[in-house]
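# structure for this input, please:
(one chain, ligands or ions: 1)
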Amino acid sequence: MSSTPPRTLPTAQPPRATAWLIGALVALALFGNYYVYDSIGPVADLLQSQRGFSDSQVGLLNAIYSLPNVVLILVGGVLVDRFGAARMTLWTALVCLAGAALTAFSPNFSGMATGRLLFGIGAETFSIATLAAIADYFGGRSLAFAMGLALAIGRLGSFGADMSPTWFAAAYAQGWQPPLAIAAGVAATSLLASLAYWWLDRGPRRAGLLPTGAKAEKFVWRDLLHFGRAYWYLLALCVLWYSVILAFRSTYSIKYFQHVHGLDLAAAGQMNSYVFLAAVFATPAFGWLCDRLRRYAPFLAFGALLLPIALAVMALAPWSLWVSTALIGVSFSLVPAVMWPLASRLVAPSRFGTAIGLMWVAQNAGISGANLLAGWLNDQAGASAANPAGYGPMMAFFGTASLLGFACALLLWFTAGRRHHEQEQASRDAA
Ligand SMILES: C[C@H](NC(=O)[C@@H](N)CCCCN)C(=O)O
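All right, here's what the predicted structure looks like:
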């Protein structure tokens, strides 16, 4: 298996207008992808009341997205390097559409789970391909800002999914299926945007205006030993923080708001959606700020700390949900804005692909494990509207995991927090 090969930069670059047009198409494709990813949470309650699904089954619909990627994401990175970002974006968008359609139109649970599995197989490699696409067109000019913007528009897709009970109230009134059919329609839009990107990309690629992958380096397990301690703390934080935020926010929070805080479905979806809305604006802004101040680890530790505080406030304090939503909104904007640039500083550039692949392998294992464990805890404790206390074990689990994440962020800060230490570390790794 090979890591991301070093790129050969062309002497000329694609025109700025083309780059931004491609950036917009890629962002639109990401929007659709993130909408589908987050389409299960809003129908979780309907799936239980209308189809009799247990919490474990609902959790499995999201866990199964991550499960194949525990292995496949490394392969996905290699395929992106081999076939190029545009082709892989298009192919994986097609797989995602097939998965979304199967989820929406399957008559039984196994069909739906197979749809989510297929969607997961496509979606994570799709994510790598879109990052590579932005790197192709913005390498050396506004890369972080362009990536932040694309991620922000992806978050708008998550926001849209949470707002869907309000925007598509008539569809929700008909039951669980029409909202998932809408998600399949959004996946089709993502495919169209990917198709347009692939078509537009042919010109600059043929003209030699894009970076070309150099000969793939052999993946050697020993390479992992080159990553410093700070990288492993970052990986642990990535696993713990994303497991909590994605399992809770994308699977259980809407139902939790309904059952524990007495919100109706539309209000619960709206409350959840504000986290994503905050991220739309704040992610590029935080990225810009960290770049300017050239400090990463302290911001990361602060963002990681806000998550356990938010969960504690949500579960224990009699305060408005607005408080915890605002805290999670800042954490959800700050941590990703810092994590990916920091990762690129902790490892040598030639190891960056391997480093991200490994982080996402562990992250996917963590997210699926957290989804399954949270569903099991809820089922064991009989969590429901009639028994809101049954959500206690799940909240204790998420709280503990997020505290451990904060501990990793602190260790990372002590290891790599000194100004510019990250770059020194990268130089050592490269040596
Ligand atoms: C960029 C980063 N993406 C990931 O970490 C993915 N492995 C998982 C994304 C799942 C939601 N679409 C992010 O979205 O912050």
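
# Phe145 is in what secondary structure piece?
Secondary structure from DSSP states H and E places Phe145 in helix 143-167.

# what's the angle from the helix or strand where Leu289 lies to helix 143-167?
Assigned by DSSP H and E, Leu289 belongs to helix 265-293. Angle between the axes of helix 265-293 and helix 143-167 is 170 degrees (criterion: axes from the mean of the first three to the mean of the last three C-alpha atoms, to 10 degrees).

# would you mark the buried spots in the helix or strand following the helix holding Phe145?
Following the chain from helix 143-167 toward its C-terminal end, the next helix or strand by DSSP H and E is helix 169-174. By neighbour count, and taking 16 or more other C-beta atoms under 10 Å as the criterion, the buried residues in helix 169-174 are 171-172. Yep, even glycine has a C-beta here, placed from its N, CA and C like the rest.

# following helix 169-174, which helix or strand shows up next?
Reading on from helix 169-174 to the C-terminus, the next helix or strand found by DSSP H and E is helix 177-206.

# which positions in the chain make contact with the ligand?
Residues of the chain that fall close to the ligand, judged by C-beta under 6 Å from any ligand atom: 34, 37, 124, 127, 151, 242, 336, 360, 363.

# run a quick neighbour tally on the first one.
Right, Tyr34. The burial count assigned to Tyr34 is 26, neighbours taken as other C-beta atoms under 10 Å.

# next one: the fourth one
Residue crowding around Ser127 was assessed by other C-beta under 10 Å; the count is 23.

# Ala267 now?
If we define neighbours as other C-beta under 10 Å, then Ala267 has 17 of them.

# what's the closest non-adjacent residue to it?
Phe257 (7.6 Å; C-beta to C-beta, 6 or more residues apart in numbering).

# and stretch 191-204, which residues are buried?
Of the residues in stretch 191-204, 191, 193-198, 200-201, 204 count as buried by neighbour count, 16+ other C-beta under 10 Å.

# next: stretch 380-400.
In stretch 380-400, counting by 16+ other C-beta under 10 Å, buried: 381, 383, 390-395, 397-399.

# I'd like those residues as JSON lines, with secondary structure appended.
Compiled in JSON lines, these are given as follows (DSSP: H, G, I helix; E, B strand; the rest coil):
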{"residue": "Ala381", "secondary structure": "helix"}
{"residue": "Ala383", "secondary structure": "coil"}
{"residue": "Gly390", "secondary structure": "helix"}
{"residue": "Tyr391", "secondary structure": "helix"}
{"residue": "Gly392", "secondary structure": "helix"}
{"residue": "Pro393", "secondary structure": "helix"}
{"residue": "Met394", "secondary structure": "helix"}
{"residue": "Met395", "secondary structure": "helix"}
{"residue": "Phe397", "secondary structure": "helix"}
{"residue": "Phe398", "secondary structure": "helix"}
{"residue": "Gly399", "secondary structure": "helix"}
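
# which of these lies closest to Ser273?
Of all those, the one sitting nearest Ser273 is Phe398; the distance, using C-beta to C-beta, is 19.2 Å.

# quick one: that closest one from Tyr391, how far?
Here the criterion is C-beta to C-beta, to the nearest Å. By it, Phe398 lies 10 Å from Tyr391.

# is it true that the residue nearest to Ala267 touches Leu265?
No. With contact defined as C-beta atoms under 8 Å, Phe257 and Leu265 do not form a contacting pair (9.2 Å).

# which residues outside stretch 58-72 are in contact with it?
The contact list for stretch 58-72, computed with C-beta atoms under 8 Å, 6 or more residues apart in numbering, reads 37, 40, 44, 47-48, 76, 103, 112-113, 116-117, 119-121, 123-125, 246-247, 250-252, 360-361, 363-365, 367-369, 371-372, 374-376.

# how about a cut-off of 6 Å?
Contact partners of stretch 58-72, identified using C-beta atoms under 6 Å, 6 or more residues apart in numbering, comprise 40, 44, 47, 113, 116-117, 120-121, 124, 251, 361, 364-365, 367-368, 371-372, 375.

# stretch 45-55 now?
By C-beta under 6 Å, 6+ apart, the residues outside stretch 45-55 that reach it are 58, 175-176, 255, 375, 378-379.

# got it, and stretch 406-418?
229-230, 233-234, 236-237, 297, 300-301, 304-305, 422.

# let's go with 10 Å and repeat that
The contact list for stretch 406-418, computed with C-beta atoms under 10 Å, 6 or more residues apart in numbering, reads 228-241, 295-309, 335, 338-339, 342, 345-346, 421-422, 424-425.

# need the per-residue pLDDT for Arg7.
According to the prediction, Arg7 has pLDDT 46.

# likewise for Ala386?
With respect to pLDDT, Ala386 has a value of 91.

# sticking with it, tell me its helix or strand.
Element membership for Ala386 (DSSP H and E) is empty, with no helix or strand holding it.

# for the stretch 251-400 of the chain, which residue gets nearest to the ligand?
Distances from the stretch 251-400 of the chain to the ligand, computed as C-beta to the nearest ligand atom, single out Pro336 as the nearest residue at 3.9 Å.

# circling back: let me see the mean pLDDT of the helix holding Leu289.
Helix 265-293 carries an average pLDDT of 84.

# what comes up buried for that helix?
Of the residues in helix 265-293, those with enough neighbours to count as buried (16+ other C-beta under 10 Å) are 265-280, 282-284, 286-287, 290-291.
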